[in-house]
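**Student:** A structural model of the following input is requested.
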Amino acid sequence: MSALCPGGASGGNAGGPVRLLSWLRGERGQGIVEFAMVLPLLGALLLIFIQFGKAINYWIDVTHVANEAARLATVNAPGVTDFKSAVCDELETGELRNGSGEVDAANVDLSYLTGPTGTTRESGDPVRVKVSAAYHWLPFWNIGTWTVEGSATMRLERATAGNNTMDVAAASGQCP
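**Tutor:** Residues are numbered from 1 along each chain as shown. Model (predicted):
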């Protein structure tokens, strides 16, 4: 048995070009290369999921605030002097109140609709509140915008014809 080749092979080159070629054809490091190829796709998918989750959260928030605002308007908001500010204060996130790079400040739209008797602002007539904001998908790439909107319509419990605190022009507009 040869001292240079422990496997019993006699003589020859124990290293050399044959061993180098077999080492180059090996599969060591293949997992790292495949992971490096898939990592950008996983990162993009994660970013899309986060953006979609934020958009849904904003949509839930404006829908909830629209329902609360409609209820506030139907009872003629006792003690509320500034309807728009009261509605904007109900927004869960400061981004919807003040705006940010991803979402514009919310808009509040209060409207009294004509009731079944042809009147407006009388007991039983409908009032509609719409809260909306423009959501920008991936703003650093400027992919597009989606209008996140919540709307609620309820019937007035008390007549508001003589009440100037619920003036439509003053109660509608963009949050401060």
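
**Student:** Can you give me the distance of residue 149 to residue 65?
**Tutor:** 11 Å (C-beta to C-beta, to the nearest Å). For the C-beta atoms, the positions are set from N, CA and C on the backbone; glycine is no exception.

**Student:** And the residue positioned nearest the centre of the chain, how far from residue 104?
**Tutor:** Centroid-nearest residue in the chain: residue 55, 1.7 Å away (criterion: C-alpha atoms, centre = their mean). Per C-beta to C-beta, residue 55 is found 13 Å from residue 104.

**Student:** and the helix ranked longest in the chain, how far from the chain's centre?
**Tutor:** Determined from DSSP state H, the single longest helix within the chain is helix 30-74. A distance of 5 Å separates the centroid of the chain from that of helix 30-74, by C-alpha atoms, centre = their mean, to the nearest Å.

**Student:** tell me the SS of the nearest residue to the residue nearest to the centre of the chain once chain neighbours are set aside?
**Tutor:** Nearest residue to residue 55, sequence neighbours excluded (C-beta to C-beta, 6 or more residues apart in numbering): residue 135, at 5.2 Å. Following DSSP: H, G, I helix; E, B strand; the rest coil, residue 135 is assigned to strand.

**Student:** how close does residue 135 get to residue 106?
**Tutor:** 11 Å.

**Student:** So these two - more neighbours on which side?
**Tutor:** residue 106 (28 against 22; other C-beta atoms under 10 Å).

**Student:** just checking, that one touches residue 92?
**Tutor:** No. With contacts counted by C-beta atoms under 8 Å, residue 106 stays clear of residue 92, the gap being 10.8 Å.

**Student:** joint contacts of the two?
**Tutor:** Residues touching both residue 106 and residue 92 (C-beta atoms under 8 Å, 6 or more residues apart in numbering) are residue 65.

**Student:** that's a helix at residue 127, yeah?
**Tutor:** No. Per three-state DSSP, residue 127 lies outside any helix segment and is strand.
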